[in-house]
Each structure stands twice: as structure tokens, then as C-alpha cells.
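Asks: sequence? don't have it. structure:
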């Protein structure tokens, strides 16, 4: 199963769903596709659409999915990365009316450059990324939380 995650941002992200739909129509995607669609109005009989989910429902779909295709939201990406899932992220673009700015491009590139995900963007073919994801082995996520907490604690102790 492929789980597509669009998050809760109020602007639509139909461009990604149109691309996934075309891949289903052409036979490049043959497995079930479930979409957490949020506020995006796009619909197709080729996919199952669920507007919003609880955190535990989302977590279940992430666990069941073979591949996660997500917008470039930090929470959506990190949920998949922490579960060591194969993630394809796509940034929402301001000039397409998908977001207020282009910060998701930076987020997606950081995760990609670190080896955690693959990504799809303008000028790329999603079908090529779908082929690549089969052999992609994501880098194991290592939280920097403990290191950050030590830095903060050291700073506080020096200032005290």
C-alpha cells in the first residue's frame, strides 16, 4: 500500500495527486493508494481519500504502508523517517498556490541530502522516483535531541 500524506495546510496540493493518479492510470502504480487529503479537493476513483485523521490513525497507515508519498511538511516526513519507511517527499510551491512560501523545498532538500528520503519536484518524473524507491535504503534516523539538551544544560550551568 502507498500512503499519500498532504497534511492539514489550508491550500490545496492537487498537483501531487494528479501525478499519482496518472501513474495509477498508466499502470506504473498497481497497489492500493490511500490519501490523507486534508483540504485538497482533488478526487479520483483510483484512490481512497480520507480528509483528516487522528494521530493514532495516521500512525497505523504509516506502519502499514510500503511507501509514503508526502508533502514537504516536517512532521509528515519525520514520522516516516523515524519508522524507517521509504519516503518520497514533494515540496508545496508558492507559485502554484500550494503554500504561502517555498520553505518546504529547503526541508525536503535537507532530508534528501542526509539520505533519509527521495523527493519529487518540478522537472522530475514521479514514475522514475517510484522505480528508484524499490531499491532505496533510507539512512537510519538518529535523533539529535540528547545532544541538543546537553548543549542547553551546559549553557544554563555556565550562566548560573
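Replies: Thanks, I have it. Owing to the predicted nature of the structure, the values given are computational and were not obtained by experimental measurement.
Asks: can you give me phi and psi for residue 152?
Replies: Residue 152 adopts backbone torsions of phi -70, psi -50, taken as degrees, to the nearest 10.
Asks: report how many residues lie close to it.
Replies: 10 (other CB atoms under 10 Å). To be clear about C-beta, it is placed using only N, CA and C from the backbone, and glycine gets the same treatment.
Asks: residues contacting the residue most central in space within the chain?
Replies: When CA atoms, centre = their mean is applied to the chain, the residue found nearest the centroid is residue 70 (2.5 Å). Neighbour list for residue 70: 4-7, 76-77, 80, 87-90 [criterion: CB atoms under 8 Å, 6 or more residues apart in numbering].
Asks: do the same with residue 93
Replies: 99, 102, 105, 122.
Asks: low-confidence ranges, the protein, go.
Replies: For the chain, applying pLDDT under 70 flags the ranges 160.
Asks: circling back to that earlier point, just the ones in strands from the contacts of residue 93, please.
Replies: Among the contacts of residue 93, no member falls in strands (DSSP state E).
Asks: check which residues of stretch 20-40 are buried.
Replies: 20-21, 23-24, 29, 33-38, 40 (16 or more other CB atoms under 10 Å).
Asks: quick one on the thing from earlier: what about the residue nearest to the centre of the chain, helix or strand, and which?
Replies: strand 67-71 (DSSP states H and E).
Asks: list the neighbouring strands of that strand plus their orientation.
Replies: Paired with strand 67-71 in the same sheet, following DSSP bridges, are strand 2-5 (parallel), strand 86-90 (parallel).
Asks: what about the helices in this structure?
Replies: Here the chain has its helices, by DSSP state H, at 14-25, 55-64, 74-82, 103-113, 126-133, 145-159.
Asks: quick one on the thing from earlier: how about CSV for the buried residues of stretch 20-40, with distance to residue 142 added?
Replies: What follows is those, written out as CSV (distance: CB to CB, whole Å):
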residue, distance to residue 142
20, 30
21, 36
23, 32
24, 35
29, 31
33, 31
34, 29
35, 30
36, 27
37, 32
38, 30
40, 33
